[in-house]
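Engineer: My questions concern the predicted model and sequence given below.
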Amino acid sequence: MDVDVRLREPRTAGRLLEAGAGLCRRGASRGLASWEDWLTHFDVPVDEWDDGAALGDPDGVRPKLSFLKVPEGKVAKNRLHVDLQVSGGRHRPHEERLVRITETVERLESAGASVIREDAFEGQLDHVVMADPEGNEFCVV
């Protein structure tokens, strides 16, 4: 199963999930070295190069994600809510979970996401609610 997500700034979302979920940019097809080479080869105007992004599992096992541009921004509730489950679950030691969550949040902040709030469970950090630059919320769990 592959997933298509429609956003106003698809490349930004792609960079965030690349930073936070361990996915990588999918390579270009037809033997071309990069997506930029593919776009040039097929005469796609440069002003349309930011109209999409594609990510995949480096091992080719997990589903692929494609992000497609839409003209409207977020108006109300998220179109899609993503939980990046990085901590290993509540059965793991809290110190281990904290390190995994914190490292992921820092990578996501450096890629353009912002922290909305931190939520606790039994007095300890459980997950962090973040937002992409369009305001779409997601959690690092």
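Structural biologist: That came in fine, so what should we check first? Numbering: from 1, shown residues only.
Engineer: Can you tell me the closest non-neighbouring residue to Glu18?
Structural biologist: Leaving aside its chain neighbours, Glu18 sits nearest to Leu55 (5.9 Å; criterion: CB to CB, 6 or more residues apart in numbering). Using the backbone N, CA and C atoms, a C-beta is placed for each residue, glycine as well.
Engineer: Which strands or helices does the helix or strand the one you found falls within pack on?
Structural biologist: For Leu55, the element it lies in under DSSP states H and E is strand 52-56. Contacts defined by 3 or more CB pairs under 8 Å, 6 or more residues apart in numbering; DSSP states H and E place strand 52-56 against helix 10-21, strand 24-25, strand 65-69.
Engineer: Compute the distance from the centre of stretch 95-104 to the centre of its chain.
Structural biologist: How far stretch 95-104 lies from its chain's middle: 18 Å, per CA atoms, centre = their mean, to the nearest Å.
Engineer: buried sites along that stretch?
Structural biologist: Going by neighbour count (16 or more other CB atoms under 10 Å), the buried part of stretch 95-104 is Arg97, Arg100, Ile101, Thr104.
Engineer: Can I get that stretch in CSV? Just the C-alpha atoms.
Structural biologist: Below are the C-alpha coordinates for stretch 95-104, written out as CSV (Å, rounded to 0.1, in the frame of the first residue of the first chain):
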residue,chain,number,x,y,z
GLU,A,95,15.0,7.3,30.0
GLU,A,96,15.3,5.5,26.7
ARG,A,97,11.9,6.8,25.5
LEU,A,98,12.9,10.3,26.5
VAL,A,99,16.1,10.2,24.5
ARG,A,100,14.4,8.8,21.4
ILE,A,101,11.6,11.4,21.5
THR,A,102,13.9,14.3,22.3
GLU,A,103,16.4,13.4,19.5
THR,A,104,13.5,13.1,17.0
